[in-house]
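Chemist: Sharing a model that was predicted from the sequence below.
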Amino acid sequence: MKKVLIITYYWLPSGGAGVQRWVKFAKYLREFGWEPVIYTPENPEYPSLDHSFMNDIPGDVEIVKTPIWEPFDIYRSLFGKKGQTINAGFISEDKEKGWKDKLSVWIRGNFLIPDPRKFWVLPSVKFLRNYLKENPVDAMITTGPPHSMHLIGMKLKRYFPDLKWVTDFRDPWTNIDFYKDLHLMKWADNKHHRLEKQVVQNADAITVVSTGMQEEFQLMQPKALHIIPNGYDEDDVKIVQPPLDKHFTISHIGTLNSARNPVVIWKALKYLCAENESFNKDLRIQLIGKVDFSVLESVKKYGLKKQLIKTEYLTHDEAVRKQQSSQVLLLLINRSANAKGILTGKFFEYLASKRPVLGVGPLDGDAARVLYETKSGQMVDFDDLAAAKKAITDYYELYQKNELILETGSVDHYSRRNLTKELSVLLNQMTTHE
């Protein structure tokens with residue numbers, strides 16, 4: 001069986017979406033003739049923990065760990081945040097960002113390039129050089145963010161030029177939604193772009209999660225570029241279908257930052273509550289996961305605080321049950337330059353739950369295309385209040401008749417097993433010698 005080294009910052013027992021893609025690939029790779037070897041930090045800084053996936057990985061899979069030093073303790077000490085976890089994606093649960101927060105973001109963007117995990121690059125290269133001499137593998141994969149993982153791969157490639165290297169971008173680098181919030185000086189912006197281009201052009205193949213990202217990375221002229229989207233694991237959704245909520249629940253599950261704040265939905269709900277007393281009584285808004293303060297302020301502004309149910313975090317199994325019991329699932333695309341190419345892992349679990357999905361985002365984006373392709377819901381534009389009101393009203397009327405049932409098209413293509421098969425085909429093509 002061939003071996004593939006997977007270099008990833010996020011690994012068990014990390015919670016959140018960042019860990020799931022490669023845990024699921026590792027779960028199924030053996031079925032397709034590849035033995036995964038995981039390289040990950042010994043003492044990482046995870047925003048949340050979730051032990052739901054511990055049984056996904058066979059106990060005899062080799063997991064190699066080395067210590068990492070991260071600057072977060074210094075950050076917490078300097079900025080009075082001792083004991084606090086570091087949220088991903090610039091989620092702020094504080095009312096207002098002070099000068100200390102703004103300074104820390106500026107330092108992060110301009111001096112911790114590409115990210116605060118940069119200090120693990122050189123120790124990892126030193127360790128893996130020796131490890132790979134004694135434990136050769138057939139291919140190497142780096143996955144980001146954090147994009148420091150790709151720098152490990154790029155440096156190792158110089159020492160092992162015949163080792164095939166796949167660079168996996170779960171999210172963009174310089175086109176990620178919060179890139180503009182880093183307040184980069186010109187030299188720092190240039191360095192980010194230069195490193196990104198070097199990674200893309202030196203890798204033997206690039207994998208991305210959407211058509212939009214494919215178009216973006218194609219401009220950097222990679223040697224090979226493939227779309228392997230996120231997906232859902234059939235094992236995770238085989239849970240017995242829970243009863244639907246009695247209330248008209250509109251649920252969002254996952255991180256909700258300011259760039260995803262669906263003001264058009266809050267406005268629509270405000271008007272519908274004012275126009276229809278039954279709707280006002282039946283409505284419940286479930287926000288499960290980390291929520292930026294600006295989002296909660298919008299909910300309050302539009303008079304929806306009484307209908308709000310906020311849950312800080314659920315394990316993956318619990319989150320799946322919430323998806324399956326909700327009347328409507330809210331899919332929110334970042335209002336950002338890369339909006340058309342965003343396809344999150346959570347989106348595909350929404351599809352597998354077979355509950356109606358109401359999306360807010362570009363009508364010509366990848367998420368809208370998959371929604372209509374699978375007949376799983378509808379997308380409304382960021383500012384289309386009339387469309388938002390109509391979509392919610394239509395769903396509510398079906399709910400009142402107990403007819404809010406979804407007849408979806410096939411979503412099998414997006415199962416983790418099938419996607420792992422695609423990955424194995426790519427690895428086989430790269431490592432087959434003429």
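Modeler: Sure thing, it's come through. No experiment lies behind these values; they were computed from the predicted model shown.
Chemist: All the strands of this structure, residue numbers only.
Modeler: Along the chain, the stretches classed as strands by DSSP state E are 2-7, 34-41, 62-66, 139-144, 164-169, 205-208, 225-227, 248-253, 283-288, 308-311, 328-332, 357-360, 377-380.
Chemist: Walk me through which strands the second one pairs with, and which way each runs.
Modeler: When you say that, I think you mean strand 34-41. In the sheet, strand 34-41 lines up against strand 2-7 (parallel), strand 62-66 (parallel) (DSSP bridges).
Chemist: and these, which is most packed in?
Modeler: Mean neighbour count (mean count of other C-beta atoms under 10 Å) peaks for strand 2-7 among these, with a mean of 22. Glycine gets a C-beta too; all of them are placed from N, C-alpha and C.
Chemist: can I get the strands of the chain in CSV with mean pLDDT and distance to Gly341?
Modeler: Converted to CSV, those look like this (pLDDT from 0 to 100; distance: least, C-beta to C-beta, whole Å):
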stretch, mean pLDDT, distance to Gly341
strand 2-7, 98, 24
strand 34-41, 98, 27
strand 62-66, 98, 32
strand 139-144, 98, 16
strand 164-169, 98, 10
strand 205-208, 98, 8
strand 225-227, 97, 10
strand 248-253, 96, 20
strand 283-288, 96, 25
strand 308-311, 95, 29
strand 328-332, 96, 15
strand 357-360, 96, 14
strand 377-380, 95, 14
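Chemist: mind putting those strands in CSV, distance to Ala259 included?
Modeler: Shown next, in CSV, are those (distance: least, C-beta to C-beta, whole Å):
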stretch, distance to Ala259
strand 2-7, 28
strand 34-41, 28
strand 62-66, 33
strand 139-144, 19
strand 164-169, 19
strand 205-208, 20
strand 225-227, 23
strand 248-253, 14
strand 283-288, 15
strand 308-311, 19
strand 328-332, 9
strand 357-360, 12
strand 377-380, 17
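Chemist: Nearest to Asp115 among the strands paired with strand 34-41 would be which one?
Modeler: Set against Asp115 and scored by C-beta to C-beta, the strands paired with strand 34-41 come closest in strand 2-7, at 14.3 Å.
Chemist: Run the chain-centre distance for that closest one.
Modeler: On the basis of C-alpha atoms, centre = their mean, to the nearest Å, strand 2-7 sits 22 Å off its chain's mean C-alpha point.
Chemist: Compare the strands paired with strand 34-41 and give me the one nearest Asn110.
Modeler: Among those, strand 2-7 sits nearest to Asn110 (C-beta to C-beta), with 25.4 Å.
Chemist: The closest one vs strand 139-144, what angle?
Modeler: When axes from the mean of the first three to the mean of the last three C-alpha atoms, to 10 degrees is applied, the directions of strand 2-7 and strand 139-144 differ by 20 degrees.
Chemist: on that earlier part again, now for the strands of the chain, which one comes closest to Thr420?
Modeler: Of the strands of the chain, nearest to Thr420 by C-beta to C-beta is strand 34-41, at 8.8 Å.
Chemist: what sits up against the closest one?
Modeler: For strand 34-41, contacts defined as C-beta atoms under 8 Å, 6 or more residues apart in numbering pick out 1-11, 25-26, 29-30, 61-68, 120, 124, 128, 135, 137, 424, 427.
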